[in-house]
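Asker: Need a 3D model of the sequence below.
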Amino acid sequence: MSSILGVTVGESAVRVVRPVDRTTPTAGFQFQVVETGKDDPARLAAGTLGVLFQTGVAGDPIERVGVVYRDHAQAERLRAAMAVEHIDRYLLVSEPEAAVTYLQATGELGSNTAVFYDLGDAGLTVTVVDLVSREVLAERTDSIGGRVFDNVIRDHQLDTNGVWRPDDPATDDELSAQCREAKERLSQSDTVAVPGAAGVVLMSREAFDPLIAQCVESSAQFVHQVISRAGRNPEAVVLIGGGAHIPLVQEVLRSWLKLPLVVPHEPELVLAKGAAMIAANPPA
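Answerer: Numbers count the residues shown, from 1 in each chain. Sure thing, here's the model as predicted:
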C-alpha cells in the first residue's frame, strides 16, 4: 500500500495531510504541522517531503504529493526547492482548485459561484470562483492576517497589562508565540491567560474584538470590491485558513455580505486535503 499526501506552504507553517483511506479521502485525514520559524517555507516543505519520501508514512511509501501554490511566483519557488531535494513525484495544485475539489467532495459547496475568504498568517486572499466556467478572480492583501492580530494583542499587552518589553530575541520570539496562542484560544474561550518569560498575556474576547473590528470590517469591504470586479453574484462565502476560526470574522462577514456562510471542518487544512484528493486521482 502507498500513501498520498497534500501539502500547503504558508509563511508560518507547512501543513501535510494524508488520507486515512486513499480510495475514500473524505473518510478522514491525518495531519502534521511544521512551524517555519525563520526557515524559508518552500525549502522547509521540500526538505520535509524529502525526509518523508525516504522514510515513508505509517510504514507505507509515498506514491505522490499534491502541493498547493498561491501564485506563479510561489509555484516557481516550490519547483526550485523540489529540484534541490530531487523530488519529482509531486504535482502543483492551485488554491482554488484544491478548495473546490475538497468542498464539492464533502457536499459543503453546492452553489455555481462562490467567494473564498482565505485568512492566513501573512494575509488575506479573496477568490471568486465560477464553478461552471471555471473562471477565477483572486486578489490578495496583507493589511489583514494572523500576524496583524498577533501584533494587536502584543501592543495591547505592552501598553496595559504589565507585560515587559523583551530585551533579547529569544524572549521576544516567545512573547510573539504567546500572543499567537492567545488569539487561537480566544476562538474557543471568552478569556485566556498565556504565561511566558515576559509575563502573562491576559486577554478576553470582549477586549480583543474591538481591537480588530476595524481591520475585519475593512476585509469585508475588500471582499465587496473583489466581487464587484469579478462581475459575478456569489451564492455563498466560504471561510478557509486559520482565521476562519475567529468568531468576529464570521459575524462581520455574515452581517456585511448577506450571504450563506460556510465554515468547513478544519478550515486551515481544506487546501491540503483538496490537494491530496487531486494527487490521489491526478488529471490526465
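
Asker: can we go C-alpha only for contacts and neighbour counts from here?
Answerer: OK.

Asker: ok, L44 - contacts?
Answerer: Each residue near L44 by C-alpha atoms under 8 Å, 6 or more residues apart in numbering is listed here: V14, T36.

Asker: before we move on, which element is it in?
Answerer: Counting by DSSP states H and E, the element that carries L44 is helix 41-55.

Asker: As a check, name the ranges of all strands in the stretch 1-150 of the chain.
Answerer: For the stretch 1-150 of the chain, the strands defined by DSSP state E, counting those that start in this stretch cover 3-9, 13-19, 29-35, 62-69, 90-94, 113-119, 124-130, 135-141.

Asker: Burial-wise, tell me which of those comes out on top.
Answerer: strand 3-9 (a mean of 27; mean count of other C-alpha atoms under 10 Å).

Asker: and that one, which strands flank it?
Answerer: strand 13-19 (antiparallel), strand 62-69 (parallel) (DSSP bridges).

Asker: Redo those strands as CSV? Include mean pLDDT and distance to L44.
Answerer: CSV is the format used below for the strands paired with strand 3-9 (pLDDT from 0 to 100; distance: least, C-alpha to C-alpha, whole Å):
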stretch, mean pLDDT, distance to L44
strand 13-19, 94, 8
strand 62-69, 96, 13
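
Asker: hang on, R165 is in a strand, isn't it?
Answerer: No - counting by DSSP: H, G, I helix; E, B strand; the rest coil, R165 is not part of a strand but coil.

Asker: quick one: it and E63, what's the gap?
Answerer: According to C-alpha to C-alpha, to the nearest Å, R165 and E63 sit 49 Å apart.

Asker: repeat for A99
Answerer: 22 Å.

Asker: And the residue nearest the centre of this structure?
Answerer: G241 (3.1 Å; C-alpha atoms, centre = their mean).

Asker: give the contact list for the closest residue to that residue other than its chain neighbours.
Answerer: Ranked by C-alpha to C-alpha, 6 or more residues apart in numbering and with sequence neighbours excluded, the top spatial neighbour of G241 is E268, at 4.0 Å. E268 makes contact with I240, G241, G242, A244, according to C-alpha under 8 Å, 6+ apart.

Asker: can I get those residues in TSV with distance to H72?
Answerer: Converted to TSV, the contacts of E268 look like this (distance: C-alpha to C-alpha, whole Å):
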residue	distance to H72
I240	21
G241	20
G242	23
A244	25
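
Asker: Most neighbours among the residues you listed, which one?
Answerer: Across these, the neighbour count under other C-alpha atoms under 10 Å reaches its highest value at I240, namely 25 neighbours.

Asker: what sits opposite that one in the beta ladder?
Answerer: D118.

Asker: Per-residue confidence, it, what does it come out as?
Answerer: pLDDT for I240: 95.

Asker: residues touching the residue nearest to T55 when sequence neighbours are not counted, list them.
Answerer: Among residues not flanking T55 along the chain, P61 sits closest, at 7.4 Å (C-alpha to C-alpha, 6+ apart). Contact analysis of P61 by C-alpha under 8 Å, 6+ apart lists M1, S2, S3, F53, T55.

Asker: out of those, which is most surrounded?
Answerer: S3 (22 neighbours).

Asker: Can you give me the buried ones in the longest helix along the chain?
Answerer: Using DSSP state H, we find that the single longest helix of the chain is helix 205-230. Of the residues in helix 205-230, 205, 208-209, 212, 215-217, 219-220, 222-223, 226-227, 230 count as buried by neighbour count, 16 or more other C-alpha atoms under 10 Å.

Asker: which intervals of the stretch 1-150 of the chain have sub-threshold pLDDT?
Answerer: 25-26 (pLDDT under 70).

Asker: what's near enough to touch the spatially most distant residue from the centre of the chain?
Answerer: With distances taken as C-alpha atoms, centre = their mean, the residue sitting farthest from the centre of the chain turns out to be G162, at 32.1 Å. Taking C-alpha under 8 Å, 6+ apart as the criterion, G162 is in contact with G199.

Asker: Specify the local secondary structure of it.
Answerer: Classified using three-state DSSP, G162 is coil.

Asker: What distance do you get for it to D168?
Answerer: Distance from G162 to D168, by C-alpha to C-alpha: 18 Å.
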